[in-house]
Structure formats: structure tokens, C-alpha cells
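1. Okay, sequence plus prediction incoming.
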Amino acid sequence: MQSLGSTRRSFAPWADPDAKPYIRFENVTKRFGDFIAVDDLSLTIYEREFFALLGASGCGKTTLLRMLAGFEHPTSGRVLLDGQDLRGVPPYRRPVNMMFQSYALFPHMDVASNIAFGLKQDGMQKGEIAERVAQMLKLVQLEPFAKRRPHQLSGGQRQRVALARSLAKRPKVLLLDEPLGALDKKLREETQFELMDLQHELGLTFIVVTHDQEEAMTMADRIAVMEKGRVMQVATPAEIYEAPASRFVAGFVGSINMFEGVLVKADGGAAEIRDRSGAPLLVGEAPAAAPGGTVWLAVRPEKMRVTRERPPEAANVLEGEIWDIAYLGDMTVYNVKLDDGRIIKASMMNSQRRLEDALTWHDRAWISFPADAGVLLTS
Amino acid sequence: MGGTWGRFNIAAIVLGFAFLYLPILLLVVYSFNESRLVTVWAGFSTRWYASLLSNDGLMDAAWVTARVAFISATVATVLGTMAAVALTRYTRFRGRLLFSGLIFAPLVMPEVITGLSLLLLFVAVGLDRGFVTVTLAHITFSMCFVAVVVQSRLVSFDRSLEEAAMDLGATPLRAFFQVTLPIIMPAVISGWMLAFTLSLDDLVIASFTSGPGATTLPMKIYSQVRLGVTPEINAVSTILIGIVALGVIAASIVNKRRDVLRRREENLARERGEG
Amino acid sequence: MGRLFSALGSRLVIAVPYLWLFVFFLVPFFIVLKISLSQTAVAIPPYLPVFGLDEGFAGLVRNLRELSFENYLWLLGDPLYLNAYLSSLWIAAVSTILTLLIGYPIAHGMARAPLALRPVLLMLVILPFWTSFLIRVYAWIGILKPEGLLNQLLLFLGVIDQPLVIINTTTAIYIGIVYSYLPFMVLPLYATLEKMDYTLIEAAQDLGCTPIAAFWKITLPLSLPGVVAGSMLVFIPAVGEFVIPDLLGGSGTLMIGKTLWSEFFSNRDWPVSSAVAVILLLILVAPIVYFQRAQARARERA
């Protein structure tokens, strides 16, 4: 993980204006009857990128993937792969392979035959097929299971067969539709890292569809957050989390506290807003909005501190009552009820070992955060 | 998402249904033919329906058939439901293999064999052939169809419902009648309807097991058909087809409406729950 | 007390239908077997010997001695019967294949139809099954006759100059069986095809299969249980079919169901018709057992 991270840091073709786009969705719209699944969407994905489409069910992310695989056709707009318009190219002639959410393993064939299936369609030599199948089995560590039927495998093993099958043809792009959705939490976390290693090792472009933000954050180079057929933001995991472009993205990824207010002052690198209760909040960034407009200050719970005494030098302080405490081991989450009824969520790392917390239910407490803790949103 | 419904699939369905329905449609159309010649259209007429009413033999046979069908369907439904329960609930008892064989074999057994063997049984025990023997014969083969229909519903029945009833103090018998039976009722009813129409349709087994005075409608139709195609037979057939079609369509509409109502109520409940 | 009653209840649930089928389905077969071994007689009932316990054990032994295999020897010696069996098997096999070839595309089309349309299509397939078998066969007489509707149409279109002779031929029997048994083929096929996960086809295409190749490699092998069930449901009853060969096949065509019928009703030869039935049953035992095993396996899987 460490070594991967360090090689990845230099990988950022999206920041390079000369980089050649690999996959492009150009103003793609897809309707099913009255329902608009994908709404005038444009998106660029680069070669060797690990790209995640993140969104709730029905947001159009799977439709997008299926259009790339060739199972759905855009109502309007174009899909390009390596400069080639994919219109009219049937699924079986596209250099992309898909790993299905249900895995779609052929129940009447054993593991080896499943993996060999795509190679046979290409008319590959028998010896070559055997060699490639053995190689794939090794890659996913399923050598002893070559002769098993899918129903004789565990969920994790099936997932690996599906992966091996879709990788066997060495596609230019691998599409993964909720690849880990059917696995339990522990297995899912392990597999996430395996998928990342694999992608890096093979040098392929991966596009993964997921509704699990943690999964997207862990694996992807960039994430497209989708909602109602549109892309709300495309950015690296850190940018999505630390600098969400809208209230929707901020709320969708991680938990967040949202302060609605009116912008009263904006100059240089700082701004001041007045929130609903009339309290001033200081922000260390210049907003895009003009003074007088409605803005939202979004602050992550871990950027806040909860103390019994009012901290003397904090930019922003709010007073309230401890409403709920959730002890999670590595940290503790406090729900603090402000006097106007709003509930603020703040989390504190448990960096010191202690069994009895100083703060308990119904204590009066202060919440504080620095001016650069939050992000100012205008939409 | 059913994939794409290609042109080939649509053509297969259209041609297939044309094949299934065209002969029946022609039969119905020609029952309104003025001419005695069934295949030459000579104008619209209902005279063959009128002549039916004065055909006493046919009317008698229809009455016999209706009674046989009603009684045999009712008894077959009781027996078939019991058999279905026995098959799904008691997975191991002595002779279960033979039992399931006895249920499934009549479904495919050529009717000439069933008919002949039942007749020989009735003769051996000295039972006079007639209304009773036809009814017994019809009960025997149609109960197996009922058993299969009810069994397919029971297999998907959530047994914890019955266990919950017993947990709340119901005896197994009460649990069956107050919980299980109401839930599987649609299957039991369609089993009854199936048994009824099977009895209504049967020619071969009835020919073997029936005797003088208990001629059923199919037997009557068969003896007339052997003499040649007549518009009167078309008219009888049309009435029979009409009755069955009405019954099936009515049943499916009732089912559909219940479904729709239920879905609407579920949606309403969900909205209320969220609001 | 309640426990005792429920134990009794569960016994009854098994015993009543079991006993009924035992008496009215299984026992009659043994009677058929017995009578097939007796001799024809001009009597009521028209066979000898008649088993009876009124003569005691000695009488039973005498009866047993009088059993004869004469009827079977007679059946085997007369090529008429052998031909009837063979042609029944042949006609049933050909009709089963024809029904499969016609039924498969229909079932496939239904399984790929829009979800909302499927229950309607399903009902439309079942509906003819509810209407009288006899009437549906009868409907074809008017169509296939020399002066029937099919010939009228073809003559009108100028496809033929002379009416085709279809009625009273084996072709007419094929048409009758395919038509009457089509729902039995379509329903199990539809059940397996509808259950099939469509993403398997997508996966095959994704891996390079054309739609036609995907059909041969994925859809067809996975629908084999439906093919087997449908074929058995058509083949087994078709072998012993009576109404269709009688009404559409005329006197020139030979099928064992018709032979049995005429032995019984026209010749009043009960022992011979019983022997015919026994041999027919022996022929059908293998497919019936096979069918039941396949059904049991399918139920276990579900």
C-alpha cells in the first residue's frame, strides 16, 4: 500500500492539459421511456486510471457502465474509446470486459471453462488458452479449484473467478459493476487492496461502479459523484472529501455539519457569514458568492473540538448540551444540541487511553473549529 | 431488464399464437354459418344454437357432464390438497416414493390405459357402470393435477407462519385451516377449476367407465363428429369455449385486481410510514 | 390429547389420498395384468377365468393354472400390433421434435418479453389448454378436409391447383399432436428460460459471443431441463393417443391407442386389449420413471 501510494502520487493525467483522453462520454443522454437515466453527461477518463462512479441506486452509474460495455445505447451523444466512436459496435466486438455484479458465472461450466470462454470466442489456440487460464488461476489464487462448478465455490471465490474471466482476454478497459457488493465487510476490505495491486500490476484502466463511498475512496484515482443522471463532481478522493463542490457531494461522502447563513463580508482570503441564529462564523477562504447571498459552511465532524470550557483562541465557538455519545474505540462521536435545537456532530480521536470520559450526557459543552476547517458552498 | 425483445422473438410469438388461436377462432366463426356445410360461408345465422336447445340428447349429456364435473372437481380438490400437503410436509414416510409416483404417473399416463384399467376394476368389484363410476374415475386422475398445482404453491409457502400460529397456541389442524389454507386458497381454487375442466373435457376415460344413461357431452360430441362435421357441434364447442374463457378471464381479473389493490395499499402504507 | 389428534391428522392426510390412488390407480393395473393373462370368452364380463374366493384356495390354484400367455403370443405373432407399437413410437417421437422446434421459439420469445406482458402471454398459452381437447382436434377437421379451409385458401392464393390430401394421413396426426400438446412444451420451457439470469447472456456477449453463439453456448444448455420436461410431457401421452389418430388419422393410420380402443369396443376382446395396455405400459415405464426422476431433481434444486 505504501509503495503503491508513492507511485500513484505522480499519476495525474487529468491535471496535464496535453494528456490524451482514453474514454470520453460526450453529452450522453439515455432515456428509458419517460425516465432519464443519464442526463447530458460528459466525462473524460484517462488510460491506466482507476476510476470510480459513485452514487445511490438509480443515479445512472450502472447505465453509464453498460453503455461503455455496449448493452445500452445512448439516446443522444457519443461514447469514444481511444478516439473511436463506439456507436454501432456490438458488445462482443468491444475491447472492454465487464465484471458483473451477480458475477454471471456460467453454471454449466467449471471454473477453467468459465475463464477460457472469452478466449475460445477469439479462436485462440488450445495450448495458448490452457496457458492463459493457468496464468489467470494463479493470479487469483484459485489453482486448486479449476474443475469446480460455480455453485461449489464460496462467495469470495466466485468473485475471483468472475474477475479472472473478465481479465483473461486482457481487455483495454475493465468495467466492474459493484464488484465487492456481495462480499462481507472484512473480505471486501482485503479485496479492495488486491484489486488495486492487480490494476497497477497489469497497467489496465479500471472503471468501477459502487454505492460505497469508502470503497471508492480507497481504490480510485478519481471519483465521479453522480446524482439523477448527472455528474456532480469529478475529483480525487481527497478533493471530494476536503473540497466538495456542492452540499450534495459534501453530504454524500462522509458525514458533515452544514451551517446555512448569509455572507456578510468577503475580502481577500477570508469571509464572515451570519448563520440562522445570528452568530458570526469566520471562514478562511474567499467565496465565489457576492455579499448578501445565501451560503453554506460545511464542516467535517473531525475538524471540530468538544470541550467543557470555552476555548480562548478559537475562530468559531458554539455552545450546547451533550445529547448523545457514540464510543467507537478509535474515536468518540458527540452529538451536541445547540440552544436553538440544531444538532452538531463532532468526533474526537481517543489518542489517550481512558475508560471514563470527562464529558457525559447532558453536560454543557463548547464546540470550536478554526477558520480553515470548513468549506464554503454556494450550491 | 429483459434484454432486447428482438424481431425474431416477436415473430415467434405472433406466429405461435396465431397457430394456437386461429383454429379455435375459425370454429367459432363457422358456428354462426347459415349453411349446413361447415366450410362454406353462407351468411350469419344463429340457427344452430336454436337447434341445440331442441336436441334433447345433447342437453341431457350436458347436464350429466356438469354434475360429474362439479362433484369430481370438489372431491378431487380435497384429496389433491391433502396429497399436496402430504408430499410437501412429510418428506420421509414409508412408501413416499410410491406415493409420489402415484401422484405424478396419472399426469402423463395415456388415457386409454387409465380408462381401461379403471373399467376392469369396476367390473371386477361388480360396480355397475354409470354416473358413479365416471365420477370416481374423474376424481382419480384430476386429483393428481390438483395435487401438483397446490404443491407448487405450498413449496414457496413460508412455514414460519404456521409455526407462529402454533407458537400462539393453535393446534396444527387449526393452524392449517386458519393460516395455511387461506393463504394457498388461490392455488386450491385454480386446482378446482382445472379439475372441473379436465372432467368437462374427458372423452377417453369417460367412454370406458361410463354406462348407459350417463353419456357425457364429450362422448355425445364424439359420436356426432364421427358421423361428420356439423355446425351444431361448432355451436356446442363455441358455448363450451365461451364458458371456459369467461371463467379463466374472470379468475385472472379477480387475481389481478387483488394484486393491484394490495400493491396500492402497500404503497400507501409506505408513504404514511415515511411521512 | 391434542397431540394424539394431530398425529392422527397427519396420518390421515397421507393415508386418504394414498389409499384412494392405491385402489383406483395401482390396483387396476394388476387387474389389467391378470385379465391380459386370461382367455377370451363369450360371457359377461367377456373373459375367463374370473378370480373369486368363493371356491376357496383350491379354486384360486385352479385359476392360476388357467392363466395363459396366449394373448401375448398372439400380439407378438401378428405384425399388425408390432407395427402399431412402432408407428406409435415413431409418430410420438417426430411430433415431440416438431413440438419442440415450434414451442422453443415461442417460449424464448415469451421469456424475453417485457415484464408487464409476460403474465398475459402466459395466460394466452394456458387458455387453449383449458378448452376441450376434443373440440380443438375437431376444429382441425374443418381446416384440413379436402374441401376445408386450408385447401380453399391455398387454391384461392393459387399455391396449388389440386386440393392437398392432409386429413386421414400421418401429417394430420402430426399437426394434431403438435397443436394439442404445444402448451405442454411451451410451459416448462418458459419456466426454465424465464428463470434464467439474463446477465449470463450479456456476460457471454461481453466475452465475445455473437447473440446466436450465446444462444447455443449458454441459453440452450441451461434450458435442457425444460426441454426434457416438455418433451416427456408430449411424448408419453402421445404414444397412447387415441382421439387425434382416430379423428384426424382416419382408418389408414396405425397407432396403438386406436388399436386398443377398437379391440375393446369393436371386438370386445378384453384380454387382448389388456395385453396391449400392459405392453404399452412396459414401453412407457422407462420414460415415465426418467421423467419423474428429472422432476424430483428439479424440485430439489428449487
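-> Alright, I've got the coordinates.

2. what about stretch A:94-106 and chain C, any contact?
-> Yes. Using CB under 8 Å from any CB of the partner chain, stretch A:94-106 reaches chain C at A:96, A:97, A:98, A:100, A:101, A:102, A:104, A:106. From N, CA and C alone the C-beta is placed, and that goes for glycine too.

3. which parts of stretch B:157-169 are buried?
-> For stretch B:157-169, a neighbour-count test (16 or more other CB atoms under 10 Å in any protein chain shown) marks B:162, B:165 as buried.

4. For that stretch, what does the pLDDT average out to?
-> The average pLDDT within stretch B:157-169 is 82.

5. cool, and stretch B:250-265?
-> 82.

6. CA-only coordinates of stretch B:98-108 in PDB, if you can.
-> Below are the C-alpha coordinates for stretch B:98-108, written out as PDB (Å, rounded to 0.1, in the frame of the first residue of the first chain):
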ATOM      1  CA  LEU B  98     -44.500 -44.900  -4.500                       C
ATOM      2  CA  PHE B  99     -46.900 -42.200  -3.300                       C
ATOM      3  CA  SER B 100     -45.200 -39.500  -5.400                       C
ATOM      4  CA  GLY B 101     -45.100 -41.900  -8.300                       C
ATOM      5  CA  LEU B 102     -48.900 -42.500  -7.900                       C
ATOM      6  CA  ILE B 103     -49.400 -38.700  -8.000                       C
ATOM      7  CA  PHE B 104     -47.200 -38.000 -11.000                       C
ATOM      8  CA  ALA B 105     -47.800 -41.000 -13.200                       C
ATOM      9  CA  PRO B 106     -51.500 -40.200 -14.000                       C
ATOM     10  CA  LEU B 107     -50.400 -36.800 -15.400                       C
ATOM     11  CA  VAL B 108     -48.700 -38.500 -18.300                       C
END
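
7. quick one: which of the residues of stretch A:94-106 next to chain C has the most company?
-> residue A:98 (30 neighbours; other CB atoms under 10 Å in any protein chain shown).

8. Quick check, that residue in contact with residue A:167.
-> No. Using CB atoms under 8 Å, residue A:98 is not in contact with residue A:167, being 11.1 Å away.

9. anything in contact with each of the two?
-> residue A:174 (CB atoms under 8 Å, 6 or more residues apart in numbering or on different chains).

10. and whichever strand or helix holds residue B:166, anywhere near chain C?
-> For residue B:166, the host element (DSSP states H and E) is helix B:159-167. No. Judged by CB under 8 Å from any CB, helix B:159-167 stays clear of chain C, getting no closer than 9.7 Å.

11. What's the first helix or strand after that helix?
-> Counting by DSSP H and E, what follows helix B:159-167 is helix B:172-175.

12. All the helices of chain B, in order from the start?
-> Along chain B, counting by DSSP state H, helices occupy B:7-30, B:47-53, B:56-89, B:96-108, B:111-125, B:131-155, B:159-167, B:172-175, B:181-201, B:204-209, B:217-227, B:231-274.

13. Could I get the buried residue list for the first one?
-> Buried residues in helix B:7-30, counting neighbours by 16+ other CB under 10 Å, are found at B:9, B:12, B:13, B:16, B:17, B:20, B:23, B:24, B:26, B:27, B:28, B:30.

14. in the stretch 101-250 of chain A, which spans are helices?
-> A:111-121, A:126-139, A:155-167, A:185-202, A:213-219, A:237-242, A:247-252 (DSSP state H, counting those that start in this stretch).

15. Assign a three-state SS to the residue in chain A that chain B sits nearest to, would you?
-> Of all residues in chain A, residue A:71 sits closest to chain B, at 8.4 Å by CB to the nearest CB. The three-state assignment at residue A:71 reads coil, by DSSP: H, G, I helix; E, B strand; the rest coil.

16. State the helix or strand in which residue A:80 lies.
-> strand A:76-81.

17. Would you mind pulling up the elements that the helix or strand just after that strand packs against?
-> Counting by DSSP H and E, the next helix or strand C-terminal to strand A:76-81 is strand A:84-85. The contact analysis (3 or more CB pairs under 8 Å, 6 or more residues apart in numbering or on different chains; DSSP states H and E) places strand A:84-85 against no helix or strand.

18. Out of the helices of the stretch 101-250 of chain A, which gets nearest to residue B:117?
-> Each of the helices of the stretch 101-250 of chain A has some distance to residue B:117 by CB to CB; the shortest is helix A:111-121, at 48.6 Å.

19. Quick one: residues in contact with that closest one.
-> Under CB under 8 Å, 6+ apart, the answer for helix A:111-121 is A:92, A:97, A:105-106, A:109, A:128-130, A:132-133, A:136-137, A:142, A:145-150, A:153, A:161, A:164-166, A:168-169, C:204, C:206-209, C:213, C:217.

20. which of the residues you listed are buried?
-> Taking 16+ other CB under 10 Å as the criterion, what is buried in those is A:92, A:97, A:105-106, A:109, A:129, A:132-133, A:136-137, A:142, A:145-146, A:149-150, A:153, A:161, A:164-166, A:168-169, C:204, C:206-209, C:217.

21. which residues touch the residue sitting nearest the centre point of chain C?
-> In chain C, the centroid-proximal residue (CA atoms, centre = their mean) is residue C:237; its distance is 1.1 Å. If you count contacts by CB under 8 Å, 6+ apart, residue C:237 has them with B:108, B:109, B:110, B:111, C:181.

22. hmm, back to that, and the buried residues of helix B:7-30, which two are the farthest apart?
-> B:9 and B:30 (32.3 Å).

23. related to what we said a few turns ago, from the chain's centre, how far out does the strand holding residue A:80 sit?
-> 23 Å (CA atoms, centre = their mean, to the nearest Å).

24. Pull out the buried positions in it.
-> So strand A:76-81, judged by 16+ other CB under 10 Å, has buried residues A:77, A:79, A:80, A:81.

25. how about TSV for the contacts of residue C:237, with neighbour count, pLDDT and distance to residue B:121 added?
-> Converted to TSV, the contacts of residue C:237 look like this (neighbours: other CB atoms under 10 Å in any protein chain shown; pLDDT from 0 to 100; distance: CB to CB, whole Å):
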residue	neighbour count	pLDDT	distance to residue B:121
B:108	21	83	20
B:109	22	87	15
B:110	24	89	17
B:111	23	91	15
C:181	26	94	28
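
26. picking that back up, what angle do helix B:56-89 and the helix holding residue B:166 make with each other?
-> 80 degrees (axes from the mean of the first three to the mean of the last three CA atoms, to 10 degrees).

27. who in the stretch 151-300 of chain C is up against chain B?
-> C:152, C:179, C:182-183, C:186, C:198, C:201-202, C:232-233, C:236-237, C:239-243, C:247, C:257, C:260-261, C:264-265, C:270, C:273-274, C:277, C:280-281, C:284, C:288, C:291-292, C:295-296, C:299.

28. And what about residue A:360, helix, strand or coil?
-> Applying three-state DSSP: residue A:360 is coil.

29. Backbone dihedrals for it, please?
-> Main-chain dihedrals, residue A:360, degrees, to the nearest 10: phi -140, psi 180.

30. Leaving out chain neighbours, which residue sits closest to it?
-> residue A:322 (6.7 Å; CB to CB, 6 or more residues apart in numbering or on different chains).

31. Likewise for residue A:146?
-> residue A:112 (4.2 Å).

32. Distance from stretch A:338-349 to the middle of the chain?
-> 26 Å.

33. what pLDDT, on average, does it get?
-> 89.

34. what's next to it, contact-wise?
-> A:255, A:257, A:276-277, A:301-302, A:304-306, A:318-320, A:323, A:330-337, A:367.

35. go on, stretch B:149-160?
-> B:80-81, B:83-85, B:87-89, B:180, B:183-184, B:186-188, B:190-191, B:194, C:299, C:302.
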